[in-house]
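K.L.:
Fold the stuff below for me.
(chains A, B, C and D)
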2 protein chains.
Amino acid sequence: MPDKRTKNAPEPPTRLDLEHFLPYRLSVLANTVSQAIAQGYQARYGLSVTEWRVLAVLGRYPGLSALEVGERIAMDKVAVSRAVARLLESDRITRELDPADRRRSVLNLNAAGRAIYDQVAPMALAQEQRLLSVLSAQERAALDVILGKLAHSGVPAMPL
Amino acid sequence: MPDKRTKNAPEPPTRLDLEHFLPYRLSVLANTVSQAIAQGYQARYGLSVTEWRVLAVLGRYPGLSALEVGERIAMDKVAVSRAVARLLESDRITRELDPADRRRSVLNLNAAGRAIYDQVAPMALAQEQRLLSVLSAQERAALDVILGKLAHSGVPAMPL
DNA sequence: GGAGTATAGTTTCAACTGCAACGATCGCCA
DNA sequence: TGGCGATCGTTGCAGTTGAAACTATACTCC
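P.N.:
From the prediction side, this is the model:
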């Protein structure tokens, strides 16, 4: 009995093969998918991915501050600041000062931004369905659980 | 019988909620994970993510050309060229001309590059295991299959 | 109520990225 | 052979990004 781990005992890999390396696979897949979706709005509306994300979160949750937007979409405040600046420039959102705290700004879509959101959001959802269509119902459910676990696993910084 | 789809019939979402939007979740997770792993080598060796990826692929597959490196790690040739330039600058790889085709270069780790690779690769694998440790064996297997399907699904550009 | 600290957001600078143009080499075929 | 298109790789440029410094406003505590 040279090895009793013959079943259900995946060995940790001892060799680093990027093709099978989870972080790398995630990275490539995420970029590919984001790029594919970006096709739908970049040419049409001249939106960058970050601008689109800001639009998307404001479409869903109006009246957030820049910081709250950043928290929702995991963008740092510099990126949010610049995306907001461009969206103001291209006249797609409004910004007011929060009267209760004049450091905060209150962001909202205007009619133009809302129109873009109403156009792009269904396209994005359709792309997502298209992507998910290669998976079985069980696989989709599993993916949902797995991504949740991975996202909440803390991903602690590597010990020094 | 108002609705017979009571089981195993996930409705496609009609509302775009970034928190539940697969492309977005993938993107955030991939960035978080890559960042966590990068902690392990950026400060220590002054490597960027792209430089590390080039090192990693050359450690595993010595003697590739710049273009082949790019194909393996889904980097365009400009990015490879610049990563290679920096790795030559910091004296971690060697470059020779392929005698059979003097347009091609043949890249290899030198002793310094190999030393870094031998240090960092186990750390990266350990991080991967740490990440996977929140999943059951079944979930890991499912994730492997799912990522493969998604990656090969073509992710067609959105129709114009 | 005023000094010191914390928070929201912007700006600055340096690094990084992608695209397009370019030089060098190769392969094909007249 | 020699010319033309394709391929490998580099460089210039312009746009993007992140970290840190900075401004403005709010809060705390004496």
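K.L.:
for chain A, which helix is longest?
P.N.:
As assigned by DSSP state H, the longest helix anywhere in chain A is helix A:22-45.
K.L.:
just checking, what packs against it?
P.N.:
helix A:49-60, helix A:111-132, helix B:22-45, helix B:111-132, helix B:137-151 (3 or more C-beta pairs under 8 Å, 6 or more residues apart in numbering or on different chains; DSSP states H and E). Any C-beta I mention is one placed from the backbone N, CA and C, and that applies to glycine too.
K.L.:
switch the cut-off to 6 Å
P.N.:
Where contact means 3 or more C-beta pairs under 6 Å, 6 or more residues apart in numbering or on different chains; DSSP states H and E, helix A:22-45 is packed against helix A:111-132, helix B:22-45, helix B:137-151.
K.L.:
out of the ones you listed, which comes closest to DNA strand C?
P.N.:
Across these, the minimum distance to DNA strand C, taken as C-beta to the nearest atom of the strand, is reached by helix B:22-45, at 9.3 Å.
K.L.:
Show me what counts as buried in that closest one.
P.N.:
B:22-30, B:32-34, B:36-41, B:45 (16 or more other C-beta atoms under 10 Å in any protein chain shown).
K.L.:
what sits up against the longest helix of chain A?
P.N.:
A:18, A:47, A:49, A:52, A:116, A:120, A:123-124, A:127, B:23, B:26-27, B:30, B:33-34, B:37, B:74, B:128, B:147, B:150-151, B:155, B:157-158 (C-beta atoms under 6 Å, 6 or more residues apart in numbering or on different chains).
K.L.:
Skip the chain neighbours and tell me the closest residue to the residue positioned nearest the centre of chain A.
P.N.:
Residue closest to the mean C-alpha point of chain A, counted by C-alpha atoms, centre = their mean, is A:Ile73 at 6.3 Å. In this structure, A:Ile73 finds its nearest non-sequential neighbour in A:Arg53, 4.8 Å apart by C-beta to C-beta, 6 or more residues apart in numbering or on different chains.
K.L.:
That neighbour is in contact with A:Gly70, isn't it?
P.N.:
No - in this structure, A:Arg53 is not within contact of A:Gly70 by C-beta atoms under 6 Å, at 10.1 Å.
K.L.:
Looking at those two now, which is surrounded by more residues?
P.N.:
Each of A:Arg53 and A:Gly70 has its neighbours counted (other C-beta atoms under 10 Å in any protein chain shown); A:Arg53 has more, 24 against 20.
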